[in-house]
Every structure is written in C-alpha cells, then in structure tokens.
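Visitor: For reference, the sequence and a predicted model appear below.
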Amino acid sequence: MKWIMVVFALGAIMTLGACKKKVAPPPPPPPPPPAAPTASLSANPNTIDKGQSSTLTWETTNATDISIDGIGAVQPSGSQQVTPTDSATYHLTAKGAGGTQEATARVTVNQPPAPPPQTSSSDQELFSQNVKDIYFDYDKYDVRPDQQAAIQADAQFLAQHSTINFTIEGHCDERGSTEYNLALGDNRANAVKNALVQAGVTVSRIKTISYGKEKPFCTQSNEQCWQQNRRGHLVYGQQ
C-alpha cells in the first residue's frame, strides 16, 4: 500500500507543477529622447561704419544641420568676418534629432554723412566771371560804341541764366559836386539798364542805384584812374 501512495503523491506533484503558468520577463525601458540642440550667435563689433567689418561667432551642440542666412551651411562652431553695406540681422538655424534651435545677431552700419547741399553761389560765381561792367566818357551817360559788345555778351549770359536778378550801380569820377555825380550815376545806371532791356533782358530782373563819386574803384587823381570810376557796375542780386 505504501508504494501505491508514494506513486500517487509523486503524480499529484508533477501534475500541479505542469499546470503552473510561466511569467514573461519585463520589456526593456525605452531609449531616452535625443537632446535638444543649443545655439548662440554674436557679432563683434555690433556697430560699424560703412566699409568696415564685423566678426560673427557661433556655437551649437546636438545639431547636425547648421546654417546662417546670407552665409549658408556652417560648422557646429566657428567665426566669419562680414562686411554688410547696410544694417543687417544674421539668423542662425541649428537642426538635430532633438529639434531646432535659432539665434540672431544684428550688425548696425552707420552710413556716411550726406554731402553738403550745393549753394546758389555757383550762379554768383558765374555772374562775376561772365558779366562785364560798362564804361563811360567824362560827363557822359550814353553807351559808347566800343561798349556794345559787352552789352550783348552780358545780355546773352543773362538770357541763359534767367533766374538771376541783378543791380546796376552808377559810378562817377571825383570831379564835380556830390549832387551832380549822383544824378550822373543814376543816368549811367539807367542807360545800361535800357541797353540790356533792348537786348532782351526782362526789366523786372534789374534794379538800379547811383553812388556818384562815393565809392570809387580807384583813388588816384589821373585820367587812367578816373576812367575806371566812370562805369555802370553790374552786381549779382538786387540790393
């Protein structure tokens, strides 16, 4: 009987062992996510005058595709000199398995000062270079025949520069009274004015004034000097 009970017990143990379920091993943990890229970009100096240069310096990590607008693909870290003609913002993009990171740096370019505006003195210079005075005989105010060429040349210049207004000053030599020479100077100025108007110059552009003998061009008392003072003197602008 004992051996029957032993066999029975062994069979029961084997049966219970065969019915127990096997447990599967746990799955491995997921890999960590890829690290996000980092990026920095700077410009030194960040303000320059036009024609000067600045140095861009950058550094990135965890990136495989790095580029800077206007430059193109670059190494993960480095530097490059740039010479922009106008103020510019440089934009760096770093891409990697962990995403995208961006950085910017601005270079301000100081433009040269504008040239000074041209002044109207060029017209005045041309007037002084081209317009000639008209000379008179003693105690006369009629325009001499040898002065007609100067009248025509003056009129031609004034026609080509129609925006110029001017003054004709009447001058005399020192002989005679102040009152007489003021009147003579006035007649001389008006004689030149009338000659220019007849040659085509608009009368509204002309002003006349007499200085008589008060403002001589030459102060010696001889005929050569007196002749220099007997004139209609043309001056730029209306005084």
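Guide: That came in fine, so what should we check first? This structure is a prediction, so every number in the text was calculated from the model and none was measured.
Visitor: Check the offset of whichever strand or helix holds T108 from the chain's centre.
Guide: According to DSSP states H and E, T108 maps onto strand 99-110. The gap between where strand 99-110 is centred and where its chain is centred comes out at 26 Å by C-alpha atoms, centre = their mean, to the nearest Å.
Visitor: ok, and what's touching the longest helix along the chain?
Guide: If you go by DSSP state H, the chain has its longest helix at helix 178-198. The contact list for helix 178-198, computed with C-beta atoms under 8 Å, 6 or more residues apart in numbering, reads 134, 136, 139, 141-143, 148, 151, 154-155, 158, 168-172, 176, 203, 206, 208-214, 230-232, 234. Just so you know, the C-beta spots here come from the backbone N, C-alpha and C atoms, and that holds for glycine as well.
Visitor: then that helix to CSV, C-alphas only?
Guide: Backbone C-alpha positions of helix 178-198 (Å, rounded to 0.1, in the frame of the first residue of the first chain) are rendered in CSV as follows:
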residue,chain,number,x,y,z
THR,A,178,28.2,165.2,-55.0
GLU,A,179,24.7,166.0,-56.1
TYR,A,180,25.7,166.3,-59.8
ASN,A,181,27.5,163.0,-59.7
LEU,A,182,24.6,161.2,-58.0
ALA,A,183,22.4,162.3,-60.9
LEU,A,184,25.0,161.4,-63.5
GLY,A,185,25.5,158.0,-61.9
ASP,A,186,21.7,157.4,-62.0
ASN,A,187,21.6,158.3,-65.7
ARG,A,188,24.5,155.9,-66.4
ALA,A,189,22.8,153.0,-64.5
ASN,A,190,19.6,153.6,-66.4
ALA,A,191,21.4,153.8,-69.7
VAL,A,192,22.9,150.3,-69.1
LYS,A,193,19.5,149.0,-68.0
ASN,A,194,17.8,150.3,-71.1
ALA,A,195,20.5,148.8,-73.3
LEU,A,196,20.1,145.4,-71.7
VAL,A,197,16.3,145.5,-71.9
GLN,A,198,16.6,146.3,-75.6
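Visitor: Fine, thanks again, bye for now.
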